[in-house]
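Chemist: My questions concern the predicted model and sequence given below.
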Amino acid sequence: PPETRIAAWERVRNGPAPVTDVAKLCVCDLLVAQCDVNCCCDPDCSAADFSLFTTCSVPIVTGDSRLCSQKAAIYSLDVEANPPERVFKLIDQVNPSVFCIHATNYKQALSFSSPEMPTSENFDQLLKQFGRTAFSAEPDSWNMDSHAPNPSDADETYRYEYGVPIQTVDAFLRLPSPVVSSWCSDANPAGFLVNQATKCTRSVSVEKCGNIQAISMLFYVNSSILAVNITVQSIVVQSLNGMRTSLNSNDVLRNPMILDELCINIVLGVSYHITYTDTGEIIEAAASFVLGAINKEALSIQQSFEISFTQVNTKPVPVSGNPGYVVGLPVRAGFKPQGYPFPIAVLLSARNTNTYGQLTILQSTSNQDCLTAQGGRTPVLFGYNIISGCKLRITTAMKCQPLTQALLDLLKGQSFPEYVASFGNSQAQDSSNERIYNTFQSACQIPVSLEIEVKWTKYGSLVNPQARIVNVTATTTTTTLKQLPLGRERTIPITSSVVFTDISSPAEPGYKAWPTINAKLPFDFFFPFV
Amino acid sequence: SLLLEILNNSYQLSSVPLQILFYINGFYYIFYFLATLAMIVYKSQVFSYPDNFLAPDLALLFIMAILEALRLYLGSKGNLTEEEAPLGLSLVITVGSVILSVYFLIWQTYVLKADVIINAVLLFTYGLEAVLQVLAIAAFIG
C-alpha cells in the first residue's frame, strides 16, 4: 500500500523514529539478545532470570516529569513470592503541581528532535548552518559573519621562497631522482632556487615503448607551472653509440615510437631552466631534452635531470656560497669598475663575468722550470691551503728588471685582482669586499715567493655560521740578485702559497633582555584625594 | 406608588448584574495579566523558550490588556448611560478577547495547568458577560 511506502521512505529520509513509549524504553538493556543483570525492564530476560535478581536497577521509566499527566512504567521485584518474580505496572503519573505542563506547542520543548537527514536539496543549507567549528541552536537568521576567506588569489602569480616546491597545475614540478635504490622515483618535487642534478635508472623495454610515461617528452612538458608554460628550448638526439646531434626544430614534441626494432625518442635527460624575478615570481620555464634510443636487449636506461634558476636580466654566474663561502668553491676576486667609485653605475652590469673572476695561483708543472711554464694558473679554492712553485735557473745574462717583471707576472698572473669578495655571493658593487694588501717592494729585488694569507671568520647565527673573508694579504718576499760570475748558474726555488686562517672570535650567545618589573599603583590608589 | 416603583423598576434599563460583572472582571483581569506575565517569565527561565516563540506570546498578552481595558470602559459606559452603541462595540471587542483567551488556553507555547485554570475562569466570565450584554442591548433597543 502506498501509505506504508511513503512512511518507509520518510523513515529512510529522516532516520529511525525516536522511541517514546515508556513500556518499551529500557536504559539498562545494554547487552543485545542477552539478559542484563538486575535489569527488570530487559525484554531478553525470562522469568527464571528474574527470579535470580536481587533488586531492580531501574525502578521507574517515565517521560518528562514536568508534564501534568504522563505514562510511567514501574518495575519491581516481588520478593515475597517463591520464586521471586518481576512486577510490571503501567500507570498514569500525575504531577500535582499547578505549574505542570498541560500542553506544549513547541516541538523541541521536551525531547530532542531528530536531526535532518542530509539530502542533495538541503545539503548546502545544512553545511552553512553546521559547517563551522561552533554553531548555535538558534535558527539561520542569527548567522553572523565568518565567511571563509575567498580564495581570490588563484589568479595571482605565486611568490616563492627558497626551497618551496614549485607548484604546477595539478601537483608539483617533479625532478625524478633515486630514493632508496638507484631506481627513479617521480615524487621528488623541485624546490625554488635549489639547483639540483640527479641521475637515476628507469626500467624500459622495447615492447613497452609507448606505454611508459616517464620516457616521453610529454610527461615533462605537460604540466605547466601556474600561468607559465614549459617551453622546449633544445633537443639533442643521442644515437646508440653515444654521438649527439642537436636538432633544429624545437617545437615538435617527439613521442617514443618503435622504428626498426629500436625504440627511439626516449628521454635520456631533461634540463630545466627557470627564470625568476627578484620578487620571487617564476616568469619563464624552459626544458632542454636529450633523446636517445634503445634496442631490444636494453632493460634499463639511466636518466639525468637538472634544474637551474636564473634571475631575470642576468647571466648565470656561479656563486661560491650563499652567502658564506663553501669550502672547495673558488674564491671570487676582481676589480672595482674603473672610474666609477659609486656602486650605482655597476648595477647595469650586475653580474658581468668580466668584472668578477677568481683568485688564481701559480700551478706547478711537471718540468718545474719557471721560465718555460705556460703560465698555467689554478683557482684558489676556499679553505684549501695550496703551495706551489717552480725552479728558476739564473744565468749571467739575465738582467734584474726584466727578470723581476717576469717573475712578478709568473707569481701573480696577468691580472692580479684588487678586491676579493667577502661573501660567496657578493656582487661587484658591494662595498664590503676586501682589498688585497701588497707589501712594499724595493727596486731590483727579485720576488721569490708570494704568500697569500686569507683571514676568514664565521659570520651570522650560531646554528648556521657563514664563512666570510675578512682580510687578504699578499706578501711578496724578495731577495737581492747577486751578479754571478760568468758561466755559473744558480737555481732558486720560487714558491707561491695560499693559507686560510680562521680568525673567528668565539660565539657570544645572545640573551633576551632582562625582564622589567612593571609595578604601578592602581588607578584609584589615592582615591579621596585624586 | 413606592411599592409599584420597587416592583416594576421599568425605568432603569441598566443591567446591575452586568455592571457587577464588569467590576469584578476589572480586578480579575489585573490578576490574570500579572499572573500570565509572571508565568511567561517563569517558563522562559525553566524551559527552553526561544525568542521567536516568546515574542508573540508577550505581544498578544499586552494587546489583550489594552483590549480588555477598552472593553470594560465601553461596556460600563454603555450600560450606565443606557446606550447600545458602546455596549455593542464592547460586545465586538469581547469576541476578540475570547479569541485571545482561547489562544492562551490552547495555542500558547507552554500551557501550564495554572494557565488552563485562569483562562477557563476568564472565558466563563466572558461568556456570562456576553449574554448579559446581549440582554442589555435588547433591553435598550426594545
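Modeler: Arrived safely, thanks for sending. Numbers count the residues shown, from 1 in each chain, chains lettered A, B, ... in the order given.
Chemist: can you tell me the helix or strand for residue 58?
Modeler: I went with chain A, as the question did not name one. Under the criterion DSSP states H and E, no helix or strand holds A:V58.
Chemist: not quite, I wanted chain B
Modeler: helix B:51-81.
Chemist: That helix: what's the following helix or strand?
Modeler: helix B:84-102.
Chemist: which helices and strands does the helix or strand that that next one is followed by pack with?
Modeler: Going down the chain from helix B:84-102, the next helix or strand is strand B:110-112, by DSSP H and E. When contacts are defined as 3 or more CB pairs under 8 Å, 6 or more residues apart in numbering or on different chains; DSSP states H and E, strand B:110-112 sits against strand A:101-104, helix B:16-46. Any C-beta I mention is one placed from the backbone N, CA and C, and that applies to glycine too.
Chemist: Now with 7 Å, please.
Modeler: strand A:101-104 (3 or more CB pairs under 7 Å, 6 or more residues apart in numbering or on different chains; DSSP states H and E).
Chemist: For the strand it packs on, buried residues please.
Modeler: Using 16 or more other CB atoms under 10 Å in any protein chain shown as the test for burial, strand A:101-104 gives A:I101, A:H102, A:A103, A:T104.
Chemist: List the residues that contact the second one.
Modeler: For A:H102, the contacting residues are A:C68, B:V111, B:L112, B:K113, B:D115, B:V116, by CB atoms under 7 Å, 6 or more residues apart in numbering or on different chains.
Chemist: Helix, strand, or coil at the last one?
Modeler: At B:V116 the chain is in helix, as set by DSSP: H, G, I helix; E, B strand; the rest coil.
Chemist: so what's the residue nearest to it when sequence neighbours are not counted scoring on pLDDT?
Modeler: Spatial nearest neighbour of B:V116, excluding adjacent residues (CB to CB, 6 or more residues apart in numbering or on different chains): A:H102 at 5.3 Å. Listed pLDDT for A:H102 reads 90.
Chemist: contacting residues around A:A72?
Modeler: By CB under 7 Å, 6+ apart, the contact list for A:A72 reads A:V22, A:I60, A:V61, A:T62, A:I91, A:Q93.
Chemist: Low-confidence stretches in chain B?
Modeler: Across chain B, the ranges flagged by pLDDT under 70 are B:5-10.
Chemist: And for the stretch 251-400 of chain A?
Modeler: Ranges of the stretch 251-400 of chain A meeting pLDDT under 70: A:315-318, A:336-356, A:373-375.
Chemist: the helices in it, which residues?
Modeler: Listed in chain order, the helices of the stretch 251-400 of chain A (DSSP state H, counting those that start in this stretch) span A:400-412.
Chemist: Dihedrals phi and psi, the residue in the stretch 351-500 of chain A that chain B sits nearest to?
Modeler: Taking CB to the nearest CB, chain B has its nearest neighbour within the stretch 351-500 of chain A at A:V463, 58.7 Å off. The phi and psi values for A:V463, taken as degrees, to the nearest 10, are phi -90, psi -20.
Chemist: Contacts only, for the closest residue to A:G269 other than its chain neighbours.
Modeler: In this structure, A:G269 finds its nearest non-sequential neighbour in A:V290, 3.8 Å apart by CB to CB, 6+ apart. Contacts for A:V290 (CB under 7 Å, 6+ apart) come out as A:V236, A:Q238, A:L268, A:G269.
Chemist: rerun that using 10 Å as the cut-off
Modeler: A:234-238, A:244, A:246, A:266-271, A:303-304 (CB atoms under 10 Å, 6 or more residues apart in numbering or on different chains).
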